[in-house]
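A.B. asks: missing the sequence, but the structure's below:
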């Protein structure tokens, strides 16, 4: 708040920003809380660990990757937007990981389910997204099984609730 106030005193008249739940009073919990949740969930995951959030949320993807690596899991990117965003983030040095932590989807059968984390596009239940296709059984060799965990690591955008609940069901 103090930084915004200081900028205002310097003559900035308008700040345009996009933030889910900005109408709610209070503060957003720090990302370390999300990391703790990832840690708790992956520690008790005997199968695939599947994480979905906004495709552009690089810091959230980084948390999921770091926790997964600590649990000796390889990373599978699922979705064109995630693949593009992750490649760009690595090119810009926002993320710096060795290439061997990433497994191409056509090579994932070489690993046990509990050795893999899937970063999947489609947290808002967009029709045709990777998560939508996985739920519908339309992604070859990739199905959600009883021992797998799917983590929705984002707030829903108002209006998407029904679609998200339908996807979860």
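C.D. replies: Yep, that arrived. This is a predicted model, so every value here is computed, not measured.
A.B. asks: pull out the buried positions in the helix or strand bottoming out on mean pLDDT in the chain.
C.D. replies: Ranked by mean pLDDT, DSSP states H and E, the weakest helix or strand in the chain is helix 161-168, scoring a mean of 82. Judged by neighbour count (16 or more other CB atoms under 10 Å), helix 161-168 contains these buried residues: 163-164, 167. Backbone N, C-alpha and C define where each C-beta goes, glycine included.
A.B. asks: show me what that helix is packed up against.
C.D. replies: Packing contacts for helix 161-168, counted by 3 or more CB pairs under 8 Å, 6 or more residues apart in numbering; DSSP states H and E, involve helix 130-135.
A.B. asks: give the other helices and strands that the helix it packs on contacts.
C.D. replies: Helices and strands in packing contact with helix 130-135 are listed as strand 116-120, helix 161-168; criterion 3+ CB pairs under 8 Å, 6+ apart.
A.B. asks: of the ones you listed, which is nearest residue 110?
C.D. replies: Comparing those against residue 110 with CB to CB, the closest turns out to be strand 116-120 (10.0 Å).
A.B. asks: tell me the average confidence for that closest one?
C.D. replies: Computed over strand 116-120, the mean pLDDT rounds to 96.
A.B. asks: ok, stretch 46-66 next?
C.D. replies: The average pLDDT within stretch 46-66 is 93.
A.B. asks: and it, what's buried?
C.D. replies: Of the residues in stretch 46-66, 48-55, 58, 60-65 count as buried by neighbour count, 16+ other CB under 10 Å.
A.B. asks: go on, stretch 135-153?
C.D. replies: Neighbour-count burial for stretch 135-153, with 16+ other CB under 10 Å as criterion, is recorded at 135, 139, 142, 144, 148-153.
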